[in-house]
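Asks: sequence and predicted structure, then a few things I'm wondering about:
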2 protein chains.
Amino acid sequence: MDQSTAQSETQHQSVTFSQGLALDCGRHLREVTVAYRTYGTLNAAKSNAILVCHPLTCDQYVAETNPETGRPGWWERAVGPGKPVDTDKYFVICANVLGGCMGSTGPRSPHEDDPLRPWGTDFPPVTIHDMVRAQKLLVEHLGIARLFAVVGGSMGGMQTLSWATQFPAMVFAAVPVAAAYYHSAQNIAFHEIGRQAIAADPFFYGGRYWAEGVTPERGLAVARMTAHITYVSEVALTRKFGRKLQDAAELSSLGDRFEVESYLQYQGSSFVRRFDANSYLTITRAMDLFDLAADYGGVLANAFKGTKTRFLLVSFSSDWLFPTAQSRAIARALNHVAANVSFVEVQSDKGHDAFLLEEPDFHRSLGGFLAGCAEHAGLK
Amino acid sequence: MDQSTAQSETQHQSVTFSQGLALDCGRHLREVTVAYRTYGTLNAAKSNAILVCHPLTCDQYVAETNPETGRPGWWERAVGPGKPVDTDKYFVICANVLGGCMGSTGPRSPHEDDPLRPWGTDFPPVTIHDMVRAQKLLVEHLGIARLFAVVGGSMGGMQTLSWATQFPAMVFAAVPVAAAYYHSAQNIAFHEIGRQAIAADPFFYGGRYWAEGVTPERGLAVARMTAHITYVSEVALTRKFGRKLQDAAELSSLGDRFEVESYLQYQGSSFVRRFDANSYLTITRAMDLFDLAADYGGVLANAFKGTKTRFLLVSFSSDWLFPTAQSRAIARALNHVAANVSFVEVQSDKGHDAFLLEEPDFHRSLGGFLAGCAEHAGLK
């Protein structure tokens, strides 16, 4: 096993596993690098570790300034000193997902047969379960036999569910937030729009844009815009932008814009400066393939049979992407196998994005659940 | 006034008005052509005419085989002999909207200052009200002083509302179906994705693709795919496609597709063969600008003050694009001015598209309402 703190061009902390990783698709990555960050201190018993799993377009910089964007960590509201995931008390780990573009092995990494060029579209398809197996290498590398908790929202919630079902003995507590046990037809369709927009960009070059020294920015921006709409509720979108025209010349040309449009265009364009298009294709595909019930003979409850993990499920009332019904179905499956499960639907009008925003009820539930579990786990 | 039955390249029946048309943007089109189709027979009193207004991507071929696609008319379920809009009884008119691409004046028409090239992106922005004023020229040209009814779904419902408020004395009965009195922030955002995808296509050439002999097919396909998702409910999408993989090699490559994806790609690609990208930009913008309350000082009820028109409002329970709340708000405004209004929410799980599909409750309501109005209007 090689280890490095300066693996990628952008100096992300990472560890490389020379044994590689067997993927669900049948391929074997000869070696695999996992970029990660940690916060807080691992106790002597190594029993206070919380793994945070990131959503689609986030990364390992969960609770500190992101070195690429200069913005605060993506979940500083939930993770940090005195926060629900309290780094004064817990040792928090967050890893860039397999297939990502922030230092973990992915389409931007050197091709294993031809290291002078990136994998690009030759990168094998990965699954949520593959992402979790890469994280497991990291957790074991850190000497941790059992995670006190795994916590994640959206795609991070899918990973949390994968952890709890692939490696139940390694997960004392699990908190899938705004999560789903399969990706719906509508969600797949929204992802497909993004993928088609990327593929339609003249600078995509069939995925070989890296060889041309360009990036399919416009396609990626359309993909991000599409996703962004699904992250917010109609109420939130209207509250923020309504139908205000940006200037008074209401009808003077087709170029006039409602504010929502310029906002979406801004969101799209800031995203393309930091995200690799082939990673976007790889990761959205991984989400689309997620179907935990199908993995267990079509019966979701079978995924959790005999589990000793304590679960907190959180949904948000205005989330139409991963709606409450999804979390409720998971709760029902867990009840069916007599698991220890709490389920909270947080009343919010902020849509799917609510899990990233200021939601005191959610933060109280998360902090309270972890504190209760800490007591049961014998953590001080 | 010039008249022609073979105005455009594709031989659409049309009439050209040499007086032109004053637009809401302040511009004046020097002449305006309206392509249209009629069905049934105008009675001697010219009192049995029903104007059907078409939605975004449909056209004047409402109840006959479309000459461009070879497919049945887009509303043959609702319009035809013995159908709710009964062509044995009523004289049905349907016109391609101003800004469209099926023979009416639009971005594909010859530029008024330079007839050897099309308007393209120089075509002035038009509004739903402008579309209706063009239709009014046609109705008057046909010698009809008062329409027995105006009927339309989606954008056609917006036109129906515009008719009933701009020219109330010309509309005996109005049926806005799956309609809205303003386009929401979310709906504008979905349109913007489509417009951005078109603008990002390398074959768009800033709207001058006609000069290059190409069409921005991929961008237009992405736009259509986006719109299509908003037309169907999650239930309908799942029922049709679920998560069936198209082939067994589930994970062999990124090219594998869920069925929903190939369906969306098919929908997108058949659409691009028949629709002009600049028309798509023009018409979606017209919808985005629609705000009937804003036109009447922010009070929707003022739009209908003193109306004698009889209204039937129809919404569909699973329509999340133009939800029932929109129709209910219109009904409330009509009640406020003591108008004659019926309101039906049809229980359906087919989403916004339900108004185009087999929905017996909707068809019974529509047919019954028109029959009742015919009696009041003294039609036999």
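Replies: Perfect, thanks for sending it.

Asks: which single residue of the stretch 1-150 of chain A approaches chain B most closely?
Replies: The stretch 1-150 of chain A approaches chain B most closely through residue A:25 (3.9 Å), counting by CB to the nearest CB. C-beta here means a position set from N, CA and C on the backbone, and glycine is covered the same way.

Asks: relative to residue A:129, how far out is that residue?
Replies: 11 Å (CB to CB, to the nearest Å).

Asks: before we move on, what about residue A:283?
Replies: Residue A:283 is 14 Å from residue A:129, by CB to CB.

Asks: those two - which one has more neighbours?
Replies: residue A:283 (27 against 21; other CB atoms under 10 Å in any protein chain shown).

Asks: what's the local residue count around residue A:315?
Replies: 29.

Asks: got the contact list for residue A:29?
Replies: A:20-21, A:23, A:105, A:112, A:124 (CB atoms under 8 Å, 6 or more residues apart in numbering or on different chains).

Asks: out of these, which sit inside strands?
Replies: residue A:21 (DSSP state E).

Asks: mind giving me the PyMOL command for buried ones among the contacts of residue A:29?
Replies: Buried residues among the contacts of residue A:29 (16 or more other CB atoms under 10 Å in any protein chain shown), as a PyMOL selection:
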select buried, chain A and resi 20+21+23+105+124
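
Asks: now the contacts of residue A:29 in CSV, with distance to residue A:185 and pLDDT?
Replies: Below are those laid out as CSV (distance: CB to CB, whole Å; pLDDT from 0 to 100):
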residue, distance to residue A:185, pLDDT
A:20, 34, 97
A:21, 30, 98
A:23, 25, 96
A:105, 30, 98
A:112, 35, 96
A:124, 25, 94
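
Asks: among the contacts of residue A:29, which pair sits farthest apart?
Replies: Within those, A:23 and A:112 form the most distant pair, 12.5 Å apart (CB to CB).

Asks: by contact count, what packs against the top helix by length along chain A?
Replies: As assigned by DSSP state H, the longest helix anywhere in chain A is helix A:360-377. Other helices and strands packing on helix A:360-377, by 3 or more CB pairs under 8 Å, 6 or more residues apart in numbering or on different chains; DSSP states H and E, are strand A:85-86, strand A:147-153, strand A:171-177, strand A:310-316, strand A:340-346.

Asks: tell me which residues are up against that helix.
Replies: A:47-48, A:50, A:77-78, A:83-86, A:89-90, A:148-149, A:151, A:172-173, A:175, A:177, A:310, A:312, A:314, A:316, A:342, A:344, A:346-348, A:354-355.

Asks: tell me the angle of that helix relative to strand A:171-177?
Replies: 170 degrees (axes from the mean of the first three to the mean of the last three CA atoms, to 10 degrees).

Asks: for helix A:360-377, the distance to its chain's centre please.
Replies: 21 Å (CA atoms, centre = their mean, to the nearest Å).

Asks: which parts of it are buried?
Replies: Result for helix A:360-377 [16+ other CB under 10 Å]: buried residues A:362-363, A:365-367, A:369-370, A:373-374, A:377.

Asks: low-scoring stretches of chain A, by residue?
Replies: A:1-10, A:243-258, A:260 (pLDDT under 70).

Asks: closest to the centroid, which residue in it?
Replies: residue A:55 (1.8 Å; CA atoms, centre = their mean).

Asks: that one falls within a strand, correct?
Replies: No: assessed with DSSP: H, G, I helix; E, B strand; the rest coil, residue A:55 is coil; it does not lie in a strand.

Asks: next up, the contacts around it.
Replies: A:152-156.

Asks: how does it look with 10 Å?
Replies: A:74-75, A:97, A:152-159, A:177-179, A:231, A:283, A:287, A:352-353, A:355-356 (CB atoms under 10 Å, 6 or more residues apart in numbering or on different chains).

Asks: could you look up the SS state of residue A:59?
Replies: coil.

Asks: just checking, it touches residue A:12?
Replies: Yes: counting by CB atoms under 10 Å, residue A:12 is a contact partner of residue A:59 at 8.7 Å.

Asks: neighbour-wise, which of these two wins?
Replies: Using other CB under 10 Å as the criterion, residue A:59 and residue A:12 rank with residue A:59 on top: 28 against 23.

Asks: alright, that wraps it up for me.
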